[in-house]
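J.: Sequence plus the predicted model coming up.
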Amino acid sequence: MNENKAYLIIVTGLVQGVGFRPFVFRTALYNGLSGWVRNTNECVEIFVQGPELKIRQLLSDLKNNAPSASHVDLITTFPAELSDDSEFRILKSENNSDLVTEISPDIAVCADCLEDMKRQSGRINYPFINCTNCGPRFTIINELPYDRLNTSMAVFPMCTPCHAEYMDVNDRRFHAQPVACEKCGPHYTFFAGNKRIEGTDQIIEQLCKMILEGGVIAMKGLGGFHLACDATNEEAVTRLRMMKRREGKPLAVMFPDMDILKKFAAVSPVEEEILFSWRRPIVLVKNAGKNKLASGVNVGLNTVGAMLPYLPFHHLLFERLDIPIILTSGNLSDEPIIIDNTKALQTFSGIADGVLIYDRDIENRTDDSVVRVVRDIPAIIRRSRGFVPSPVNLNLNTEGILATGAEQVNTFCIGKGSKAILSQYIGDLQNAETTVFYEETVGKFLKLFRMKPEIVVSDLHPEYFTTKFASDKNHNTKHIQVQHHHAHIASCMAEHGLDEPVIGVALDGTGYGTDGNIWGGEFLYCDLQDFERFTHFKYMPIPGGDRGIEEPWRMAVSYLYSVYGDEITKSVLPFLKKLPAEKLDFILKMLKSGTNCPMVSSAGRLFDAVSAILSLCLKASFPAEAPMRLESIIEPGCKEKYPYIFQENVEFDLTIISIAEDIRKNISPGIISAKFHNTIISVIFDVVNAMNERYHCRKVVLSGGTFQNKYLVEGLFGKFMDSDFEVYSHRIVPANDGGISLGQLAIAAKRRHLCV
Ligand code: ZN
Ligand code: ZN
Ligand code: FE
């Protein structure tokens, strides 16, 4: 019975760069098996021989005890011939096809490494310490397989002790590609004024001193530069903001530890878990507590973007600092985050008090990811560090499809096999530098994942950069165009593995409609191939087009004009008094004549209007500011709502009139906001019920930027689940336009048979 058997085992999933081979090696050794393990570009291959029972034990361990950052998709076993292997070995990587394995996202420094950093010779306070369980991954890789030579660690040859660890199967750094120490690895250099400071201790000491004195420092992080300063120092925060040339946006804050974070914010158990996870994203938590951040950090919103240290350097910094620091992307206005030492020194030397660099290149730019917990489930808002390039599994043939994404908060997406691999957050493609980043990253993904596009998908919008990119004849590919809101719904469907007709509710700011108008309050009956527009928010003129997006007061005037006409000025709303008379006049003339007033059915613009009518935000200093301010003041516990009309489409005239009345009655803005949000929930519920009557469908899919609103999503889930609907919202890709590329890809996969 103890006869030896031999098997070839193929393991796919996220199994490279996460300590998988060493784990296989140790498990085989423990079970007394001989054979080998190796990485190929598509999987991990294992050959084992020994007693059947022991092989079974190994297989069970592969399934159940794999390293925490790994993710096994599939284990396939083939009987094999016995060989004369007498021990178990790790073989050289094999590179033999265009299929690729998953690449690990970057992993926050682990607890073991933090301990080593205090006692291990050669690594005392060494800020590039890492092991197979932690450290940089996606940010340093430029080609598969994941070996040191294919990363930006290639220029740092291992010293003898590091190499010994790398070769020692019993060591935590066995085959850890970025393994390094003080002697052989990368180093930081700090430029402060005219001084050039080397040596971690001296750097940390100087840097902390400068931060405590109110300095602003540009610091090279994992996926790009950050700008840092004391988050409790009003003046420093103001200076940092001016440096970025971006007035309004809330700034992310890194807290020394959870105890200190809890002095500033209310953190739920789920939020705590995500803050501590190896992905270490920014989590939007409720701004509450006895300690206060500088008011310039969250600009009056009731949330703060909080994160915990993830680089060894952060931990060293907080050994000496017990204050939260701003850690925001190091860029100017809307440009991509800077990754290059020379560019950072050029850009920041004159304006920041110090620039911290290190001598390892960042291969793939990644911003910090942002997560918000809704209904105790993490929902991603910006998907980058720690998440990319983990794929989404679709049950569709995605091979050869490149989905170019939307214009704002862009990501693109490539298809491999039946998977969709989303790029990191790219940004807004109206910005020229961002389009360069976009094209570069598309090139990198095609190379990294060995992908030759056959079909390129884009939005319908003729002016989007991505549409022009997709239609470029030089690509020699087929071009498929997908309507924006259909792509939104499809992206949420793809995430949940839905491939059937659903009721899609797509609410957002802007998307090009099939009738040439701007859509954004859309109710679609759709599947992954096609859609039918059941109804939508009533079209409203937006005075000045894009100017109307930047200045929410224009939409407020548009809505008020539609109900009061020329009587508008008699409506005595306080916000109207804040407008210069000639500006108001000018906009009213535009509305009367209809010049430069495109028609929009956008939910975002309705939220803008209400926010402006309440004087919360007349001019937006960042996208979605007006709706965010409106959500931020909701008075909890209010169940009331406003009237509206749902016939051909959904009209908010009565809503606007009632809001104006409430303002005149001095009802608190918090109550008005709650009533308005309840109205939207009620509208969605009514329309969906009407759609269910028509189509007999009880699956409701919510997508679009408006569904980043926690109050709306929680309210809708409550209502729909009480009425036996199945509701789906985003979790692993953003509800905003950052998720569009996944939807485009899923739709193209369904339509590919149509393109000949
Ligand atoms: Zn580690
Ligand atoms: Zn070394
Ligand atoms: Fe959108």
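T.: The structure has been received and is ready for your questions. Ligands and ions are numbered 1, 2, ... in the order given.
J.: what residues are up against Gln243?
T.: Quick fix: residue 243 reads Met, not Gln. 216, 227, 348, 351-352 (Cβ atoms under 8 Å, 6 or more residues apart in numbering). All C-beta spots, glycine's among them, are computed from the backbone N, C-alpha and C.
J.: Tell me which two in those are the farthest apart.
T.: Leu227 and Ile351 (9.7 Å; Cβ to Cβ).
J.: Look at the two and report which has more neighbours.
T.: Leu227 (25 against 16; other Cβ atoms under 10 Å).
J.: isn't the more buried one right up against Thr328?
T.: Yes: between Leu227 and Thr328 there is a contact under Cβ atoms under 8 Å: 5.4 Å.
J.: Now for those two: what residues contact both?
T.: What both Leu227 and Thr328 touch, as defined by Cβ under 8 Å, 6+ apart, is the set 240, 244.
J.: Enumerate the residues of the chain near ligand 2.
T.: 159, 162, 181, 183-184 (Cβ under 5 Å from the ion).
J.: and of these, the nearest to Glu651?
T.: Among the residues of the chain next to ligand 2, and counting by Cβ to Cβ, the member closest to Glu651 is Cys181, at 68.0 Å.
J.: So for that closest one, what's the pLDDT?
T.: Per-residue confidence at Cys181 stands at 98 (pLDDT).
J.: okay, now Ile634: neighbour count?
T.: 22.
J.: Tell me which residues touch the closest residue to ligand 2 within the stretch 601-750 of the chain, please.
T.: Of all residues in the stretch 601-750 of the chain, Ile732 sits closest to ligand 2, at 37.3 Å by Cβ to the ion. Ile732 makes contact with 380, 383, 387, 392, 495, according to Cβ under 8 Å, 6+ apart.
J.: Reformat the residues you listed into a markdown table and put secondary structure, distance to Val109 and neighbour count next to each item.
T.: Formatted as a markdown table, the contacts of Ile732 follow (DSSP: H, G, I helix; E, B strand; the rest coil; distance: Cβ to Cβ, whole Å; neighbours: other Cβ atoms under 10 Å):
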| residue | secondary structure | distance to Val109 | neighbour count |
| --- | --- | --- | --- |
| Ile380 | strand | 22 | 22 |
| Arg383 | coil | 21 | 26 |
| Phe387 | coil | 18 | 22 |
| Val392 | strand | 27 | 19 |
| Glu495 | helix | 30 | 24 |
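J.: can you name the two of the residues you listed that are farthest apart?
T.: Across the contacts of Ile732 (Cβ to Cβ), the longest gap, 13.0 Å, separates Phe387 and Glu495.
J.: circling back to that earlier point, okay, and which of the contacts of Met243 map to helices?
T.: Filtering those for membership in helices, criterion DSSP state H, returns Phe348.
J.: Relative to ligand 3, which of the contacts of Met243 is nearest.
T.: Of all the contacts of Met243, ligand 3 sits closest to Leu227, with 28.8 Å by Cβ to the ion.
J.: partner residues bridging that closest one?
T.: With DSSP bridges as the criterion, Leu227 is bridged to Ala218, Thr328.
J.: how close does it sit to Tyr126?
T.: Counting by Cβ to Cβ, to the nearest Å, the gap from Leu227 to Tyr126 is 25 Å.
J.: Same question for Leu446.
T.: Taking Cβ to Cβ, one finds Leu446 at 36 Å from Tyr126.
J.: and the two? which has more neighbours close in?
T.: Remark: of Leu446 and Tyr126, Tyr126 carries more neighbours, 22 against 14, as counted by other Cβ under 10 Å.
J.: for that one, helix, strand, or coil?
T.: Judged by DSSP: H, G, I helix; E, B strand; the rest coil, the three-state class of Tyr126 is coil.
J.: next one: Leu606
T.: Three-state call for Leu606 (three-state DSSP): helix.
J.: Test my guess that it contacts Asp653.
T.: No: between Leu606 and Asp653 there is no contact under Cβ under 8 Å: 11.6 Å.
J.: Compare the two and say which is more crowded by neighbours.
T.: Of the pair Leu606 and Asp653, Leu606 is the one with more neighbours under other Cβ under 10 Å, namely 27 against 15.
J.: which ones are touching that one?
T.: Contacts for Leu606 (Cβ under 8 Å, 6+ apart) come out as 521, 537, 540, 555, 559, 652.
J.: hang on, isn't Cys131 packed against Ala111?
T.: No: counting by Cβ under 8 Å, Ala111 is not a contact partner of Cys131; they are 10.7 Å apart.
J.: And whatever residue of the stretch 451-600 of the chain ends up closest to ligand 1, what's its pLDDT?
T.: Using Cβ to the ion, Glu495 is the residue of the stretch 451-600 of the chain that sits closest to ligand 1, at 30.7 Å. For Glu495, the model assigns a pLDDT of 96.
J.: cool, and Met243?
T.: Reported pLDDT for Met243: 89.
J.: Ramachandran angles for it?
T.: phi -60, psi -40 (degrees, to the nearest 10).
J.: Roughly how far does it sit from Thr328?
T.: 10 Å.
J.: shared neighbours of the two, which are they?
T.: By Cβ under 8 Å, 6+ apart, the residues touching both Met243 and Thr328 are Leu227.
J.: so what's the residue nearest to Val11 when sequence neighbours are not counted up against?
T.: Excluding the flanking residues, the one nearest Val11 by Cβ to Cβ, 6 or more residues apart in numbering is Val44, at 4.5 Å. For Val44, the contacting residues are 10-12, 15-16, 20-21, 24, 37-38, 101, by Cβ under 8 Å, 6+ apart.
J.: you'd agree Met451 is in a helix?
T.: No: if the criterion is three-state DSSP, then Met451 is coil and not within a helix.
J.: count of residues packed around the nearest residue to it once chain neighbours are set aside?
T.: In space, Met451 comes closest to Ile414 once its chain neighbours are excluded; the distance is 5.3 Å by Cβ to Cβ, 6+ apart. When neighbours are counted by other Cβ under 10 Å, Ile414 registers 26.
J.: hey, what's Ile414 bridged with?
T.: Counting by DSSP bridges, the residues bridging with Ile414 are Leu402, Ile421.
J.: pretty sure it contacts Leu446?
T.: Yes: using Cβ under 8 Å, Ile414 is in contact with Leu446, at 7.2 Å.
J.: between these two, what contacts are shared?
T.: With Cβ under 8 Å, 6+ apart, Ile414 and Leu446 have common neighbours 402, 453.
J.: now the strands for the stretch 201-350 of the chain?
T.: Along the stretch 201-350 of the chain, counting by DSSP state E, counting those that start in this stretch, strands occupy 217-220, 225-230, 253-254, 265-266, 282-287, 303-307, 325-329.
J.: now the fifth one against strand 325-329, angle please.
T.: Angle of strand 282-287 versus strand 325-329, following axes from the mean of the first three to the mean of the last three Cα atoms, to 10 degrees, is 140 degrees.
J.: Which other helices and strands does strand 282-287 contact?
T.: strand 265-266, helix 269-276, strand 303-307, strand 370-374, strand 377-382 (3 or more Cβ pairs under 8 Å, 6 or more residues apart in numbering; DSSP states H and E).
J.: cool, and the third one?
T.: Secondary structure elements in contact with strand 253-254, counted by 3+ Cβ pairs under 8 Å, 6+ apart, are strand 303-307, strand 325-329.
J.: what's the most buried one of these?
T.: Highest mean neighbour count among these (mean count of other Cβ atoms under 10 Å): strand 325-329, with a mean of 26.
J.: Only alpha carbons, please: show it as PDB.
T.: Extracted in PDB, the C-alpha atoms of strand 325-329 (Å, rounded to 0.1, in the frame of the first residue of the first chain):
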ATOM      1  CA  ILE A 325       0.400  63.800   9.200                       C
ATOM      2  CA  ILE A 326      -1.200  64.700   5.900                       C
ATOM      3  CA  LEU A 327       0.000  62.300   3.300                       C
ATOM      4  CA  THR A 328      -1.500  63.400   0.000                       C
ATOM      5  CA  SER A 329      -0.400  62.600  -3.600                       C
END
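J.: can you give me the mean pLDDT across it?
T.: For strand 325-329, the per-residue pLDDT averages 96.
J.: Which secondary structure elements does that strand sit against?
T.: If you count contacts as 3+ Cβ pairs under 8 Å, 6+ apart, strand 325-329 packs onto strand 225-230, helix 234-244, strand 253-254.
J.: Great, nothing more from me.
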